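# Pasting the sequence and the predicted coordinates here, then a few questions.
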Number of protein chains: 2
Amino acid sequence: MSTSASNTSTALFTDHYELTMLGSALSDGTGERDCVFEVFARRLPAGRRYGVVAGTARVLDAIADFRFTEAELEQLRATAVVDAETLDWLAGYRFTGDVDGYPEGELYFPGSPILTVRGSFAECVLLETIVLSILNHDSAVASAAARMSSAANGRPIIEMGGRRTHEQAAVAAARAAYLGGFATTSNLEAGRRYGISTRGTVAHAFMLLHDTEEAAFRAQLEKLGADTTLLVDTYDITAGIETAVRVAGPELGAIRIDSGDVGVLARKAREQLDALGAKDTRIVVSGDLDEHAIAALRAEPVDAYGVGTSVVTGSGAPTAGMVYKLVEVGGRPVAKRSEHKASRGGRKAALRRHKPTGTALEEVVYPTRNPPQVGPYDRDLHIPLLRGGQPVSDLPTLEDGRQRLRRALVSLPWEGLKLSSGDPAIPTTFT
Amino acid sequence: MSTSASNTSTALFTDHYELTMLGSALSDGTGERDCVFEVFARRLPAGRRYGVVAGTARVLDAIADFRFTEAELEQLRATAVVDAETLDWLAGYRFTGDVDGYPEGELYFPGSPILTVRGSFAECVLLETIVLSILNHDSAVASAAARMSSAANGRPIIEMGGRRTHEQAAVAAARAAYLGGFATTSNLEAGRRYGISTRGTVAHAFMLLHDTEEAAFRAQLEKLGADTTLLVDTYDITAGIETAVRVAGPELGAIRIDSGDVGVLARKAREQLDALGAKDTRIVVSGDLDEHAIAALRAEPVDAYGVGTSVVTGSGAPTAGMVYKLVEVGGRPVAKRSEHKASRGGRKAALRRHKPTGTALEEVVYPTRNPPQVGPYDRDLHIPLLRGGQPVSDLPTLEDGRQRLRRALVSLPWEGLKLSSGDPAIPTTFT
């Protein structure tokens, strides 16, 4: 047994009931009915004013890899999850339907139709878990990252939370944090898989390994050059900074402070660095920072932040709470009775209305059969993603998503960027 | 790009700084120094009374797969993370040191030395991120699962949270929940990878797909037999139960209620089922349950729980906060200055003292060079895991861990099992 997947199939990242539903629906013929499933969040996490869509590109990859090879079929056969007839059907499975949705980096609000999956019941029902796993995780991280990026107000943030979350989730979290505005990541696999720039120098272990702080600094400088970041808080910060500038010279790239009252320490460090002539040496702070701590440091002489736990765990909201609901069968809207108030049946799309100044006014969710008039300041939110199971050309890239989010955040009313708890930044209107 | 790993190497689930530390330490010779790294948690998540160790078996697998194949080396070369000399060293990397630790399913408290890794600095420093990612994630889930299992007081719990977390984290979460006392999982990949029994029947989508509730019930019964679980809350629960028993007969296995005030609904459902002669039909409830909701349902006629979001997100504590710290270099204890109070240098082990009745009294963390007297009711907590990089024989299985946790929870003082916030169930003493 390995922590890595034994092959690239994503087909068993699936709940048992999707297979039993499939078996029954294939038997009674309902499996062939045309269906529309919709991904949406009934509400934002408590107090949040917006959510950020992330993971869509990973969803499309996962759908492409959603194949039942002999290894998956054998597992289902051995555990008798489905019968032989269903196994035959699964052996030929390939999603052939259409998918539309919000592009990555787009904001979402309660009820926004984030992803719409169309096809036969049989082919769509199997995708529920993989679609939700990815969107719920990645959007939770990107939403937290966006709040932190707003709070950092242009100062770069390094994502360094891989050790606080599952090893594979760490890679997706680094991607989502980058989408959310982070500058770089410590995660090497995220560098490989997504081309995100990685960063890192030393931990306290490296300092303690050496007989003196000076010996550790010298070893690091020897290898990484003066434009590196020296970790100065292992023993005494003032002495550490003095030693750092003495051995690296005033061209030292940066110092990092990872403990204590980092605001006060940064101020003292800046004064000391300036007095030592290291006026361009940057100050990086880390250690249990979240969006509130980052905002509180806005007036301090901090040049960059390292953020770990809080971003990979969604800063209090580790999952986005999105659901995958059947909204249409054979052209007929359907909805669970208890959901009649909270959601609506039928295939939907959405547009966002803005003031002439560009400030967002409302999210309008409408039946695709009955679109509203589109004004000059309205923006359609759905883009096509898959047609006949195949990706459309010119799908947005990760960089596109990052830029899209930057623009979208600027369009929010100013209350929407407040970190304190509040209502969604704009209301959702269902027409 | 795929959501699955391109090969089984775990070597890039690593932070950039581990590689830069390695490069410097190889250059100046300190990389060869004998070191001891220790995994511990400075504190439990706020208000928690115990933690549950989980992930150790996955850590050992990940260490075995921690190899730099040409694919990993090429990535490090292309991004210039390390120099050619370090790449050569990495090409031959294989962990050859020793690992001891708490077995899975053991309880831990602040400062418990959960895992001890010994070897050269160079070989040990690389493992920090992968070790912490796994232990922090899996222990967070297992700790939450144990609280829920305690609250359920013997009634089975089905883990069904895969859709609320990263797709690979979902598999590890299902494993950790099973270790924590859950009975089964919905996650098919957890069934394949860990042999955990999977469960599932239908979602509301299946009910809505059909023209009537009765047609959906009949389709399900046809395929899965009368000993299945019918979902009765799509339209009207009372009518749903009436239809369910009418079409399935009184031998119907179970009904599931997924919405509303499930306690009140379960009581009414029990009365109705009994009146219809379906006295053995079980009642399964689900829908945003956590340990507190489960405890509140203790007096209700509920036969099983389905738990999703809360368990996979650690029920408010999505990461265990464990750290991987260098505690000894060349036989000499080391510690960061700011940690002098919170932790201690030097290689350590631990034992748990108990009353003659078997109730735990305290966690004693001691220097391995100076072990305390072991009384008749004391239990050593460390077991050997790797020797010379190789797994020892007779490593505990997942089932062993599950049984161990069951026994360990029984040994806690009664306050230790309270769900309300409080101090750790037993104090940690450093000798």
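Thanks, I have it.
# Now do whichever residue of the stretch 51-200 of chain A sits closest to chain B: how many residues are near it, please.
Chain B sits closest to A:Gly200 of the stretch 51-200 of chain A, with a gap of 3.0 Å, by CB to the nearest CB. Bear in mind the C-beta positions are built from the backbone N, C-alpha and C, glycine included. Neighbour count of A:Gly200, defined by other CB atoms under 10 Å in any protein chain shown: 23.
# With the one 4 residues further on instead?
Residue neighbour count, defined by other CB under 10 Å, stands at 21 for A:His204.
# which residues does it contact?
Counting by CB atoms under 8 Å, 6 or more residues apart in numbering or on different chains, A:His204 touches A:231, A:234, A:258, B:325-326, B:336.
# Look up phi and psi at it.
phi -60, psi -30 (degrees, to the nearest 10).
# same check, this time on the one 3 residues further on
The phi and psi torsions at A:Met207 (degrees, to the nearest 10) take the values phi -70, psi -40.
# For the closest residue to it other than its chain neighbours, which residues are in contact?
Beyond its immediate neighbours in the sequence, the residue positioned closest to A:Met207 (CB to CB, 6 or more residues apart in numbering or on different chains) is A:Thr234, lying 4.0 Å away. By CB under 8 Å, 6+ apart, the contact set of A:Thr234 is A:204, A:207-208, A:213, A:240, B:336-337.
# Kindly write the PyMOL command that selects the buried subset of those residues.
When burial is assessed using 16 or more other CB atoms under 10 Å in any protein chain shown, the buried subset of the contacts of A:Thr234 is captured in PyMOL by this command:
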select buried, (chain A and resi 204+207+208+213+240) or (chain B and resi 336)
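# Between all of the contacts of A:Thr234, which two are separated the most?
For these, the maximum inter-member distance is 13.2 Å, found between A:Leu208 and A:Gly240 (CB to CB).
# can you tell me how far A:Arg352 sits from chain B?
27 Å (CB to the nearest CB, to the nearest Å).
# Let's verify the residue lying closest to that residue once chain neighbours are set aside: helix, strand, or coil?
When the adjacent residues along the chain are set aside, A:Arg352 lies closest to A:Arg379, with 5.1 Å between them (CB to CB, 6+ apart). Following DSSP: H, G, I helix; E, B strand; the rest coil, A:Arg379 is assigned to strand.
# And for A:Gly31?
Classification of A:Gly31 into helix, strand or coil gives helix, according to three-state DSSP.
# Am I right that it is in contact with A:Ala25?
Yes - taking CB atoms under 8 Å as the contact criterion, A:Gly31 and A:Ala25 are neighbours in contact, 3.5 Å apart.
# anything in the longest helix along chain A near chain B?
Ordering each helix of chain A by length in residues (DSSP state H) puts helix A:128-152 first. Yes - with CB under 8 Å from any CB of the partner chain as the threshold, helix A:128-152 lies in contact with chain B, specifically through A:128-130, A:132-134, A:136-137.
# same deal with stretch A:392-411?
No - under the criterion of CB under 8 Å from any CB, chain B is not reached by stretch A:392-411; the shortest gap measures 10.1 Å.
# which other residues reach stretch A:81-90?
Contacts made with stretch A:81-90 from outside it, assessed by CB under 8 Å, 6+ apart, are listed as A:11, A:16, A:19-20, A:22-23, A:26-27, A:68, A:72-73, A:76-77, A:122, B:188, B:198, B:223.
# swap the cut-off to 10 Å and go again
Around stretch A:81-90, the neighbours that count as contacts under CB atoms under 10 Å, 6 or more residues apart in numbering or on different chains are A:11, A:16-20, A:22-27, A:31, A:67-68, A:72-77, A:122-123, A:126, B:188, B:191, B:198-200, B:223.
# are any of those buried, and which?
When the contacts of stretch A:81-90 are checked for burial by 16+ other CB under 10 Å, the buried set is A:11, A:16-20, A:22-27, A:31, A:67-68, A:72-73, A:75-76, A:122-123, A:126, B:188, B:191, B:198-200, B:223.
# Strands - which of these land there?
In strands, judged by DSSP state E, none of the buried ones among the contacts of stretch A:81-90 are found.
# is it true that the residue nearest to A:Arg352 touches A:Leu361?
No - between A:Arg379 and A:Leu361 there is no contact, the gap being 11.1 Å when judged by CB atoms under 10 Å.
# Between those two, which contacts overlap?
Common contact partners of A:Arg379 and A:Leu361 (CB under 10 Å, 6+ apart): A:352-354, A:411.
# now the contacts of A:His204 as a markdown table including secondary structure?
What follows is the contacts of A:His204, written out as a markdown table (three-state DSSP):
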| residue | secondary structure |
| --- | --- |
| A:Leu231 | strand |
| A:Thr234 | coil |
| A:Asp258 | coil |
| B:Lys325 | strand |
| B:Leu326 | strand |
| B:Lys336 | coil |
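# Out of those residues, which comes closest to B:Arg147?
If you rank these by distance to B:Arg147 using CB to CB, B:Lys325 comes first, at 27.4 Å.
# Look at the closest one and report its pLDDT.
According to the predicted model, the pLDDT of B:Lys325 comes to 97.
# My guess is it contacts B:Gly345. True?
Yes - at 9.0 Å, B:Lys325 and B:Gly345 qualify as touching, with contact defined as CB under 10 Å.
# Tell me the residues that contact both of those two, please.
Where contact means CB under 10 Å, 6+ apart, the residues bridging B:Lys325 and B:Gly345 through contact with each are A:208, B:36, B:38, B:334-336, B:339.
# Counting only strands, which of those make the cut?
Checking these against DSSP E, those in strands are B:36, B:38.
# Show me which of the shared contacts of B:Lys325 and B:Gly345 is closest to B:Gly375.
For these, with B:Gly375 as the reference and CB to CB as the criterion, the closest is B:Glu38, at 24.7 Å.
# re earlier: Throw the contacts of A:His204 into CSV and include distance to A:Leu44, thanks.
Conversion of the contacts of A:His204 to CSV gives the following (distance: CB to CB, whole Å):
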residue, distance to A:Leu44
A:Leu231, 38
A:Thr234, 41
A:Asp258, 32
B:Lys325, 38
B:Leu326, 42
B:Lys336, 39
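# Closest one to B:Arg43 out of these, please.
B:Lys325 (14.4 Å).
# Quick check: the closest one vs B:Phe109, distance?
To B:Phe109, B:Lys325 is 17 Å away according to CB to CB, to the nearest Å.
# Could you do A:Ala64 as well?
As defined by CB to CB, A:Ala64 lies at a distance of 46 Å from B:Phe109.
# Where does the prediction get shaky in chain A?
A:1-7, A:338-343 (pLDDT under 70).
# Could you chop it up by domain?
By the record's domain assignment, chain A is partitioned as A:16-140+A:317-430, A:156-314 (automatic domain parsing).
# Could you single out the most deeply buried of the ones you listed?
The highest mean neighbour count among the domains of chain A belongs to domain A:156-314 (a mean of 22), with neighbours defined as mean count of other CB atoms under 10 Å in any protein chain shown.
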